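Engineer: Predicted coordinates and the sequence they were generated for:
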Amino acid sequence: MLTVDFVLRAAAVVLATLIVVRVLFTGGSGFRSIGLVLLAFVALWGLAWFYGRLRAVFAQTETEAEDPLATYRLAGFVADRPRSRLAAVLALLILVVHAAITGYVSVWTILVAVVMATIATLLSPNLRLTALLGGMAVVFAAATVFVSNFFRGSTEARALAISVAAIVLPMLVSDRIGKLVRQPELTITHHAILVVLTLVLGFLGWTRADWLPGVMNRCYTLPTSTGITVLRATPDGDRCYGLLDTADPGVFATPVFGRDPVAARLQHEILRNNRPLRDGDLTVVWLGALSCDALPGDTTRCADGRDYPSERDQLRALLFAQTQISAAGDHRLHVVIADATQDVRHADDIAQLIIDRRAALGPRAVVIGGGDSRDLTQRAINRLLDAGIPFIAPNLLADLGAPGRPFVDRPGYLQLAPSNLDYATDTIDRLRHRYPGGFRLDIYQQRDPTDHYTTSLVNDLLIAVKPAVGATARHLPSLERVDDTACAANADGPPTVLYFADRWTRFADFVQRINEVCGHSRPRLVIADVSVSRFMADYRLRAVSNADWPIDYYVGGPGCADLTAASFETLTTQVSVSRDVLGIPSDETFACVDRAAGARDGEVRNACTLDAAAKLTSQPCRPNDLGTYLIPMWDAVLLADDLLPDRSPRGRDYLTSLETTRTTLTGTQATVREGRLVEHTIPVRMWHVDPLNDPSRLWERPSPRLRTPAEPTPSSRVPATGP
C-alpha cells in the first residue's frame, strides 16, 4: 500500500523535477529569491532547534533530563522523521517563494533544489536500483511508442495502446530483469514509480513531433515572468517565430531572432531594458521580419541576398524611444519583438499569439510595424483590430481595392505613410511636366496576387496615367519584356520611362537587365518605388550594382534635414546614450551630414548611416546619417504614447474612442479622430542617386529633369537653428 512517507517522497521527486524542467525552459534570474529561500531554510532549521530546546526544558523523564545532548535535539528531530518529508517541504518552499516573486523558476533555484534532493536521496539509498528503475522506464517507454505505431486508428486507440503497454510491461518484465542483475525484488512502491515514469516518457515519445523540433532548434518556451514570450518552430524547423520580451527566455529558446549579429545586439539591448509592467507603461509589439532563408555558406545572410537595414533602423528607434521615455520618469516603454519570418509568412500566427496574451500586455498596448503589405499582413491586422488592439503602420502603403485609402480602412489602424495612389499621381505629374508631348511608361512587376503593395501600385499607375495627354502605360510581368526602347540611344517613338514597381529583392536583377539591353548606352529615365529605398539603404548593394547611370526613387521617411531642431537634438542625444550598442567610439560626436551647410542644396556626400557603420567591415565609415526608416518608427511610438489612455473608456468602443489633437512628431503633427488618422504624417518624397554604383553620393530631392516648378528647395526644409 502507498504510505504517507511514499506520498511525501513522490511529492518531493515531482516538485524537484518540476523545478528542473521549468528552469531548463525559462532560464535564470533571482538572486533575491535565493536569499529568501536560504533565509526560509534557516528559519525552518531554527524552529526545529527551538522545538528541541522546548522538549528538553519540559521533559518529564529522568532519562531525558540526564541526557547531555538533550538541549541539542536538532539532529534527533531530523533523524526521527523521514528525510523525504524535509526534502518535500524544502522543494515546495523553494517553488512557491520563487514563483511568487518572479513568476517562474530560475537556474539558482535548481541548484538549491538539486543539493536538497541529493542530500535527501529521495528514491532509494540503493543507487543501483534507482538507475535500474530509470533505465527500465526508458526501455519500456520506447516499447510503448513502438507498439502505438501499429495502431493507425483514432487517437484514443493509440493512447489506449500506450497505457496498456506502459502498465503491463513493468508489471510482467521488471521482476525478471531485477533478478538478472541481482537486485532485490521490487515492491509495490517501485512498480508504481516505474509505471508512472514509463507513462510520462511514453507520452513524450508519442508527442515528440510537437515538442522535439522546438527543443532541437531552440524554439520551445514556457510562460516567463510576464507571460508574453512564446516561440514556435517554422515547418522546416530551421527558424523560430513568435514573441520575445525577455533577454533570458531559457536554454531551449533563442534569445534573439535571426542570425545577423548587428540585429541580435540591438534586440538583446532592447529586451535587457524591459522591466515588469507598471500602471501607465506603454507596451509596443514590433511586428516585422528578422529571419530569412539563409545561404548555406553564410548563415548571417539570406539566400536571395536580402538584408534587413530598415528593420535594424526600426529597432534602433525602439531602443531610443525606450531610453527617452524611461528618462522622463513617469512611465516606461516595454518592447515585445515579434518576428514573422521572411515575407511575414507567419504574421497571422503572430497576431493570434498576441491576442492570446492580451492581458499580459497591459492596458496600453499597441502593435507597430507590419513589414510588407501582403494578404497575410492584412489578415493579421484585421484579426488584431477585431480583438481591440490598435495597429500603427509606419511603412505600409498598399491600397488594393480602394485606391487612395489606407491598407486597412478601419478605426484603430493608423497608417503614417500615404497610399500608393499618392505616389502614382506624383510620378505622373512629374512625367507630364518633363514630357509635355507625351511618354510611355513601362511598369515592371512580377505578378503576385498576394502582394497587395506591388499589385496595387501597378493598378494605381495605370489609373493615374489615363488623364495624361499623349501618355500610355504597359505592364511588364517579366524581365524579358524590358527591351531597348527604354534606352537613350533609341529615338523611335515617344520617350520610354522605366518604372520599377516590384520588391527591392528583385531590383538588382532589374538593373542587370537594363545593362544587358542598353549595352554602352544608358536608360532614358528610371524611377523606382518606395521598396527600393531598402536597396539604397544597403551600402554594399549599391557598390556592386554595376550601374553607372542615375535613378530617381521614392523614400519611406524623412532625412535629418527635415527634422526640427528639438527633434534633432533629442535623437542625437539618444544616439550618444546608446553609443556602445551602436558601435560609436566615445571620442566621436554624431551629427547628421545632411544638416551641414554644404548639404543645403540637397546633395549629400559620404553619408554613412548608423546601419552602414555597423555593417561595413572592409571599409568602415563614421556614422553621420539616421537613414529614412528610423524616424517613422520613432514617430509611431510617440503617437502611440500620446494616444493610448491608461484605461479603456466606458460606454464606447475602444478603437473608435482613440483621439488626439495635434500630437507633435519629429517633422509634423498628427491628429486622430474616432480611431482614424486625419492625414498621413509622411509626405511623398523622391530622392535620386547619380550614379547608382557610387554609395557616397545622393540627393534628397528629385533629379532636375523630374523637379516641378512648385518643388520645395531643400534649404527651405532645413531649420535655421539646426546644426
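Structural biologist: Perfect, I can see it now.

Engineer: In three-state terms, label residue 141 for me.
Structural biologist: Here residue 141 is helix, with the state taken from DSSP: H, G, I helix; E, B strand; the rest coil.

Engineer: Surely it touches residue 202?
Structural biologist: Yes: between residue 141 and residue 202 there is a contact under Cβ atoms under 8 Å: 4.3 Å. (Glycine included, C-beta is placed from N, CA and C.)

Engineer: Give me the packing partners of the helix or strand hosting residue 422, helices and strands only.
Structural biologist: Assigned by DSSP states H and E, residue 422 belongs to helix 420-434. Applying 3 or more Cβ pairs under 8 Å, 6 or more residues apart in numbering; DSSP states H and E, we find helix 420-434 packed against strand 439-444, helix 452-464, strand 471-476.

Engineer: need the helices for the stretch 251-400 of the chain, in chain order.
Structural biologist: Using DSSP state H, counting those that start in this stretch, the helices of the stretch 251-400 of the chain run over 261-273, 309-328, 347-356, 375-386.

Engineer: correction: the stretch 551-700 of the chain
Structural biologist: Taking DSSP H, counting those that start in this stretch, the helices of the stretch 551-700 of the chain run over residues 565-577, 579-582, 610-615, 630-643.

Engineer: Could you measure from residue 436 over to residue 587?
Structural biologist: Per Cβ to Cβ, to the nearest Å, residue 436 is found 55 Å from residue 587.

Engineer: more neighbours, these two?
Structural biologist: Between residue 436 and residue 587, counted using other Cβ atoms under 10 Å, the more crowded position is residue 436 (11 against 5).

Engineer: That one should be in a helix, yeah?
Structural biologist: No: going by three-state DSSP, the assignment for residue 436 is coil, not a helix.

Engineer: Next, give phi and psi for residue 413.
Structural biologist: Main-chain dihedrals, residue 413, degrees, to the nearest 10: phi -100, psi 120.

Engineer: Check the burial of it by counting its neighbours.
Structural biologist: 24.

Engineer: same deal with residue 301?
Structural biologist: Neighbours of residue 301 under the rule other Cβ under 10 Å: 15.

Engineer: Let me see the contact set for the nearest residue to it once chain neighbours are set aside.
Structural biologist: Leaving aside its sequence neighbours, residue 301 sits nearest to residue 295 (Cβ to Cβ, 6 or more residues apart in numbering; 5.3 Å). Listed by Cβ atoms under 8 Å, 6 or more residues apart in numbering, the contact set of residue 295 reads 301-303.

Engineer: Then residue 707?
Structural biologist: 430, 701.

Engineer: For the remainder of this discussion, apply numbering that starts at 406.
Structural biologist: Okay, using 406 as the starting number, the last item reads as residue 1112.

Engineer: Mind giving me the packing neighbours of the one helix or strand residue 904 maps to?
Structural biologist: Using DSSP H and E, residue 904 sits in strand 901-905. Judged by 3+ Cβ pairs under 8 Å, 6+ apart, strand 901-905 is in contact with strand 844-849, helix 912-923, strand 931-933.
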